[in-house]
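K.L.:
dropping a prediction and its sequence here:
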Amino acid sequence: MENGKWKIKTAKKLPKITLVGAGPGDADLITRKGIKALQSADVVLYDALVNIELLEEVPDTAIKIYVGKRANKHAFKQEEINKMLVAYAYKHGHVVRLKGGDAFVFGRGQEEMAFAKQLGVQVEVVPGISSCISVAELQHVPVTARGVSESFWVITGTTRAGQLSRDIELAAQSTATVIILMGIRKLEEIRQLFIKEGRFDTPAMVVQNGSRVNERKVVGTIDTIVEQAREATIGTPGIIIIGDVVRLHPEFVEQAIEEQTQIIQRQAA
Ligand SMILES: C[S@@+](CC[C@H](N)C(=O)[O-])C[C@H]1O[C@@H](n2cnc3c(N)ncnc32)[C@H](O)[C@@H]1O
């Protein structure tokens with residue numbers, strides 16, 4: 001009470017945005033720092049590939065807004081999301097932008113960060129476990145392996161113009177592990193680029209919903225993978241992994257052991 005009037009506290013929180021990578025889908029594959037950010041959020045804007053179990057970490061009082069996109073249907077345009085992030089930060093304080101995988105791997109996190117900074121909002125980045133590495137790893141396939149693969153390329157199957165990236169053609173000429181995101185619908189086109197290089201036998205696998213309870217996969221070669229994916233009705237979101245490292249997948253290893261056993265048995269007979 002001051003001069004007979006109630007003094008209302010208007011001290012606002014500092015506007016701040018935290019870009020948090022939510023990991024590939026399993027709710028446990030987020031960082032501790034990501035969880036802490038969620039626990040201190042006043043507003044959360046989250047994407048389609050984020051596990052919504054993570055929203056249980058957010059205070060009840062916080063505003064939660066779905067801004068995702070599936071199959072080219074956008075809940076909001078990117079420009080609208082940029083503006084919402086800034087407006088909510090100024091109005092409510094701490095905004096967490098929760099994105100699938102890592103916010104900077106085909107995640108447009110950099111665009112959101114640049115827009116917010118321009119308008120004077122502080123931005124923190126909490127890296128996430130990107131699907132580009134983790135989905136293969138969860139299948140026991142390393143993206144590099146001594147003596148097998150010296151590098152890996154992570155490439156988009158859908159550029160801004162909706163096309164395959166030209167980099168896939170270049171990667172098909174290399175010995176690198178090739179990891180393609182957003183390419184499921186163009187699997188046959190991708191296969192053709194490898195066939196052009198005579199790489200029929202190169203191992204390949206496709207994983208849908210990696211790390212989630214509804215995860216599905218097919219493991220084969222460039223020659224067989226399109227048919228296998230079609231038969232198994234593998235859809236989006238999915239990742240394509242091509243290269244000799246896929247030979248380290250347990251299905252390949254088991255097959256190799258079986259073939260060796262048969263050879264030994266034949267020789268012994
Ligand atoms: C817009 S990109 C975002 C990638 C994300 N920022 C990351 O680091 O994983 C979306 C694409 O990532 C891939 N993806 C993301 N999560 C996946 C998952 N759990 N399983 C398979 N593919 C996934 C799919 O190719 C999907 O179309």
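P.N.:
Yes, it's here. Since this is a predicted model, take the numbers as computed values, not measurements.
K.L.:
and the residue of the stretch 101-250 of the chain found nearest the ligand, how many neighbours does it have?
P.N.:
Ranked by C-beta to the nearest ligand atom, the top residue of the stretch 101-250 of the chain for proximity to the ligand is Gly101, at 2.0 Å. (Glycine included, C-beta is placed from N, CA and C.) Applying other C-beta atoms under 10 Å, we find 28 residues neighbouring Gly101.
K.L.:
partner residues bridging it?
P.N.:
Counting by DSSP bridges, Gly101 forms beta bridges with Gly23.
K.L.:
which residues touch it?
P.N.:
Gly101 makes contact with Gly21, Ala22, Gly23, Pro24, Leu49, Gly107, Gly128, Ile129, Ser130, Ser131, Cys132, Ser134, according to C-beta atoms under 8 Å, 6 or more residues apart in numbering.
K.L.:
in helices only, show me the residues you listed.
P.N.:
Residues of the contacts of Gly101 located in helices (DSSP state H): Ser131, Cys132, Ser134.
K.L.:
can you select the buried ones from the residues you listed in ChimeraX?
P.N.:
Buried members of the ones in helices among the contacts of Gly101, defined by 16 or more other C-beta atoms under 10 Å, are picked up in ChimeraX with:
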select :131,132,134
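K.L.:
of the ones in helices among the contacts of Gly101, list those near the ligand.
P.N.:
Restricting those to those within reach of the ligand (C-beta under 6 Å from any ligand atom) leaves Ser131, Cys132.
K.L.:
any chance of a markdown table for the ones in helices among the contacts of Gly101, columns distance to Ile168?
P.N.:
Listed next are those as a markdown table, based on distance: C-beta to C-beta, whole Å:
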| residue | distance to Ile168 |
| --- | --- |
| Ser131 | 17 |
| Cys132 | 14 |
| Ser134 | 21 |
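K.L.:
returning to that earlier point: how much space separates the residue of the stretch 101-250 of the chain closest to the ligand from Met182?
P.N.:
From Gly101 over to Met182 the distance is 12 Å, taken as C-beta to C-beta, to the nearest Å.
K.L.:
what do you get for Trp153?
P.N.:
Applying C-beta to C-beta to Trp153 and Met182 gives a distance of 14 Å.
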